[in-house]
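Q: This is a predicted model, with the sequence first.
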Amino acid sequence: NAEYGKQWYQRRVRGHVFGGQLYQFNMFSGVLSSEDIRKIAEGGLCSDLQEFSDTRILRWEDILDRPRTGSVREVEVCWRERLDAALSRLEKTEENLRIMTEQVETLTGQLNRTENKLDAVSTHLNSTAEQLETVRSGLNKSEDRLETCTSQLNQTAGRLDTVSAHLNSTRKQLKATKRK
């Protein structure tokens, strides 16, 4: 039956072209839900099909972009509705742009404040590093002086031990001399 229908169609259609009116002809990649069909029907001849853009595989806009042959006459229908829809989308886009611009300005302000804080912390860190270097230098000098003083103290202690030993020896000699 299918083969017979195909042959009949080819015999009858050869040399015939479409003659009639088309408007908002679209093909979808799947079956539309009854809710989707209701939305399109309620929108009437000028319904906006943007929400179905992901599922439309043949779009009316694409048909309009194709070359035409014969005595095709275009009649503009629903231009006001399309203009209103485009203006509505433009307003939404402008509002989104305004919100994004505000967000960018807010983030730019936060970034600038963060950079200023970072500069201040960096300056403070550099100052602290310089102070630390000064303290290290002072510590090294103190360690050198302490080493020198310790060396001198050790020498003095050595001399004191020598003098003490000499005094003890002299004391013993004095005591021995007194006893005699």
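A: That came through, no problem. All values derive from a computational prediction rather than experimental measurement.

Q: Tell me where the model's unsure across this structure.
A: The model of the chain has pLDDT under 70 over residues 1-20.

Q: All the helices of it, residue numbers only.
A: With helices called from DSSP state H, the chain shows them at 2-13, 34-43, 60-65, 79-179.

Q: Mind putting these into a markdown table with mean neighbour count and distance to Gln24?
A: Every C-beta, even on glycine, is put in place using the N, C-alpha and C of the backbone. Shown next, in a markdown table, are the helices of the chain (neighbours: other CB atoms under 10 Å; distance: least, CB to CB, whole Å):
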| stretch | mean neighbour count | distance to Gln24 |
| --- | --- | --- |
| helix 2-13 | 9 | 24 |
| helix 34-43 | 12 | 9 |
| helix 60-65 | 11 | 5 |
| helix 79-179 | 10 | 11 |
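
Q: Nearest the geometric middle of the protein, what residue?
A: By CA atoms, centre = their mean, the chain has its centre lying nearest to Leu107, at 11.2 Å.

Q: out of the helices of the chain, which comes closest to Gln21?
A: Ranking these by their distance to Gln21 (criterion: CB to CB) puts helix 60-65 first, at 12.8 Å.

Q: Run through who's touching the closest one.
A: For helix 60-65, the surrounding residues in contact (CB atoms under 8 Å, 6 or more residues apart in numbering) are 22-26, 49, 74.

Q: again, but for stretch 88-102
A: Counting by CB under 8 Å, 6+ apart, the neighbours of stretch 88-102 from elsewhere in the structure are Gln50.

Q: Off-centre distance for it?
A: Taking the mean C-alpha point of stretch 88-102 and that of its whole chain, the gap between them comes to 21 Å (CA atoms, centre = their mean, to the nearest Å).

Q: next one: stretch 106-114
A: Going by CA atoms, centre = their mean, the spacing between the C-alpha centre of stretch 106-114 and its chain's C-alpha centre is 14 Å.

Q: And the contacts of that stretch?
A: Among residues not part of stretch 106-114, none is counted as a contact by CB under 8 Å, 6+ apart.

Q: when you give positions from now on, start the count at 239
A: Yep, numbering from 239; the last one is stretch 344-352 now.

Q: Go ahead and produce PDB holding the CA coordinates of it.
A: Once side chains and other backbone atoms are set aside, the C-alpha atoms of stretch 344-352 remain, and they are given as PDB (Å, rounded to 0.1, in the frame of the first residue of the first chain):
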ATOM      1  CA  THR A 344      29.800  47.100  42.500                       C
ATOM      2  CA  LEU A 345      32.400  44.400  41.800                       C
ATOM      3  CA  THR A 346      34.800  47.100  40.400                       C
ATOM      4  CA  GLY A 347      34.400  49.100  43.600                       C
ATOM      5  CA  GLN A 348      35.000  46.100  45.700                       C
ATOM      6  CA  LEU A 349      38.000  45.200  43.600                       C
ATOM      7  CA  ASN A 350      39.400  48.700  43.900                       C
ATOM      8  CA  ARG A 351      38.900  48.700  47.700                       C
ATOM      9  CA  THR A 352      40.600  45.300  47.900                       C
END
